[in-house]
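Asks: this one's structure only:
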């Protein structure tokens, strides 16, 4: 139309952006990036000037690199995945016409590329490590767009560059890097999700710090702090378990006294809504359905709530599950993070100014009741070790709780069912006690009732193996014959 491509680009972009001006504030950098790429692609014939140049810094594995064109700098391309209207072959030359000069340049380009590749291989690996990257992506910072330009325009074409990023906000890493749909789409080569320590790894950690704790005490610490290294590193070897808990959590200036609020503020932009969900889920061990969460928190039932639940799930705060034998439509969400469960149980519901609360209440009914519930969560986070102890490590299983649908009378429930592919179901009972567990007549009756009701309601044809998971084992007597398998705390400390 009689104007240069540079002016055409300005006219096209200005027109497009003016049309979208009213909605720009509601869009993030990724959405804007996609729009710009779409506009450029649709108007490519008005924007592109073909220039002679050679491909440089080509990465054969990723099929991407740069085009060097005189003094104009490098233009990034990704073969078959970018805005150029024709694929650029390896070592090829981009030229307006195939002239002798261009052909000669192509041959020279191949030789220079070969030399460049050989030189690059001799260069040492250069690692760029960015810790807590999510914190750098503040509102209106344009950080993701800048990262896209840095990687696509320079680093990706260099075979000796390795970019390692990490962050405690799992959802940010997942949404912005792993599942990125803009300029960073498909760029990640490896993912490592750091899981909390297991009991086995915690024990190794304590040994490295010269902290002497019995396995029962280590399990109790895990039920309070979880397997988070930063949390358990607060333990001091000179203090007992109870003294440590009081100093870390119940003293006014304890290292983790305000961690609950700080945790959500650092991980989530709208921290108050996430805290509402977590606090609600802490009130009922079996959790709540999505509709119940919406009704009781006031968060609209829709995409927003779904996204928050997904974020909490990938961040290992909550677990979606269904009771054994129920439809996937009956999904419930339960809180599984030990630290949040402990905080909501003791510090939110039962606020206290007693800085020696744990030492003063070691044998109280409240703490004993909490230990029993927390031990169930500990067992669910160590199902691999439980299967190993039962000798079924290689057997396919489905693990879930179960409850009776009876409206009255025998409304039994089972803490954990391990439904095995070999047509056997381990019906598990968990007991956290200070000595070997003793089954009395009343408890035997309770166990018999559970098995009877489960078999009647489920109509299962599988064999039922009553399994006890406890601290120190079982004292056999006339009431314990129904228990076929016993898993002890030591079994949970295996690798």
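Replies: Received it, and whenever you're ready, just let me know what you need. The model shown is predicted, which means the values in this text are computed figures rather than measured ones.
Asks: pLDDT below threshold where in the stretch 251-400 of the chain?
Replies: Across the stretch 251-400 of the chain, the ranges flagged by pLDDT under 70 are 349-351.
Asks: what about the helices in it?
Replies: Using DSSP state H, counting those that start in this stretch, the helices of the stretch 251-400 of the chain run over 259-267, 271-281, 290-297, 303-314, 338-342, 357-360, 365-380, 383-389.
Asks: mind checking these for the one nearest to residue 471?
Replies: Residue 471 lies closest to helix 365-380 among the helices of the stretch 251-400 of the chain, at 8.2 Å (Cβ to Cβ). Where you see a C-beta, it was placed from the backbone N, CA and C, and this is true even at glycine.
Asks: elements contacting that closest one?
Replies: For helix 365-380, the packing partners by 3 or more Cβ pairs under 8 Å, 6 or more residues apart in numbering; DSSP states H and E come out as helix 215-225, helix 338-342, strand 413-420, strand 424-431.
Asks: partner strands of the helix or strand following the last one, with direction?
Replies: In this case it means strand 424-431. Using DSSP states H and E, the helix or strand that follows strand 424-431 towards the C-terminus is strand 437-438. If you go by DSSP bridges, strand 437-438 pairs up with strand 474-475 (parallel).
Asks: can I get the helices and strands packed on helix 365-380 in CSV with mean neighbour count and distance to residue 484?
Replies: Below are the helices and strands packed on helix 365-380 laid out as CSV (neighbours: other Cβ atoms under 10 Å; distance: least, Cβ to Cβ, whole Å):
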stretch, mean neighbour count, distance to residue 484
helix 215-225, 21, 24
helix 338-342, 22, 30
strand 413-420, 20, 13
strand 424-431, 21, 9
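Asks: now the ones you listed as CSV including distance to residue 266?
Replies: Shown next, in CSV, are those (distance: least, Cβ to Cβ, whole Å):
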stretch, distance to residue 266
helix 215-225, 17
helix 338-342, 14
strand 413-420, 33
strand 424-431, 33
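Asks: nearest to residue 272, of the ones you listed?
Replies: It is, among the helices and strands packed on helix 365-380 and with distance given as Cβ to Cβ, helix 338-342, at 15.0 Å.
Asks: from the rest of the structure, what touches the closest one?
Replies: Contacting residues not belonging to helix 338-342 are listed as 222-226, 228, 231, 256, 259-260, 263, 278, 282, 317, 335, 370, 374, 377-378 [Cβ atoms under 8 Å, 6 or more residues apart in numbering].
Asks: repeat that with 6 Å
Replies: With Cβ atoms under 6 Å, 6 or more residues apart in numbering as the contact definition, helix 338-342 has outside contacts at 223-226, 278, 282, 335.
Asks: what do you get for stretch 419-428?
Replies: With Cβ under 6 Å, 6+ apart as the test, stretch 419-428 has contacts from 395-398, 414-418, 462-467, 469.
Asks: for stretch 443-450, same thing?
Replies: For stretch 443-450, contacts defined as Cβ under 6 Å, 6+ apart pick out 412, 479, 482.
Asks: most neighbours among those residues, which one?
Replies: residue 412 (18 neighbours; other Cβ atoms under 10 Å).
Asks: just the pLDDT at that residue, thanks.
Replies: Looking at residue 412, its pLDDT stands at 85.
Asks: and if you look at residue 122?
Replies: Note on residue 122: pLDDT of 50.
Asks: hmm, back to that, out of the helices and strands packed on helix 365-380, nearest to residue 307?
Replies: Set against residue 307 and scored by Cβ to Cβ, the helices and strands packed on helix 365-380 come closest in helix 338-342, at 19.4 Å.
Asks: just how off-centre is the closest one within its chain?
Replies: How far helix 338-342 lies from its chain's middle: 17 Å, per Cα atoms, centre = their mean, to the nearest Å.
Asks: ditto for stretch 342-355
Replies: Worked out by Cα atoms, centre = their mean, stretch 342-355 lies 27 Å from the chain centre.
Asks: in the helix or strand where residue 443 lies, what counts as buried?
Replies: Secondary structure from DSSP H and E places residue 443 in helix 441-458. For helix 441-458, a neighbour-count test (16 or more other Cβ atoms under 10 Å) marks 444, 447, 450, 453-454, 457-458 as buried.
Asks: take these and write them to CSV, including distance to residue 181.
Replies: As requested, those are exported to CSV (distance: Cβ to Cβ, whole Å):
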residue, distance to residue 181
444, 58
447, 53
450, 49
453, 49
454, 46
457, 46
458, 44
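Asks: in CSV: those, plus pLDDT and distance to residue 289.
Replies: Output for the buried residues of helix 441-458, formatted as CSV (pLDDT from 0 to 100; distance: Cβ to Cβ, whole Å):
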residue, pLDDT, distance to residue 289
444, 95, 35
447, 94, 29
450, 92, 24
453, 92, 23
454, 93, 23
457, 91, 21
458, 91, 22
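Asks: between those, which sits nearest residue 486?
Replies: residue 447 (13.6 Å).
Asks: follow-up on the earlier one: show me what the helix or strand that the helix holding residue 443 is followed by packs onto, helices and strands only.
Replies: Downstream of helix 441-458, the next assigned helix or strand under DSSP H and E is strand 463-470. Applying 3 or more Cβ pairs under 6 Å, 6 or more residues apart in numbering; DSSP states H and E, one finds that strand 463-470 contacts strand 424-431, strand 483-488.
Asks: list the residues that contact residue 148.
Replies: With contact set as Cβ under 6 Å, 6+ apart, residue 148 has these partners: 183-184.
Asks: element containing it?
Replies: helix 143-153.
Asks: ok, and for that helix, which residues are buried?
Replies: Those would be 143-145, 147-148, 151-152, for helix 143-153 by 16+ other Cβ under 10 Å.
Asks: do the same with stretch 316-331
Replies: Buried positions in stretch 316-331, judged by neighbour count with 16+ other Cβ under 10 Å: 317-319, 321, 323-324.
Asks: Throw those into a markdown table and include distance to residue 139, thanks.
Replies: As requested, those are arranged in a markdown table below (distance: Cβ to Cβ, whole Å):
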| residue | distance to residue 139 |
| --- | --- |
| 317 | 23 |
| 318 | 26 |
| 319 | 31 |
| 321 | 35 |
| 323 | 41 |
| 324 | 45 |
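Asks: can you lay out the contacts of helix 338-342 as a markdown table showing distance to residue 133?
Replies: Shown next, in a markdown table, are those (distance: Cβ to Cβ, whole Å):
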| residue | distance to residue 133 |
| --- | --- |
| 223 | 32 |
| 224 | 30 |
| 225 | 26 |
| 226 | 23 |
| 278 | 24 |
| 282 | 30 |
| 335 | 27 |
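Asks: need the max-distance pair from those.
Replies: With distances taken as Cβ to Cβ, the most widely separated pair in these is 223 and 278, at 17.3 Å.
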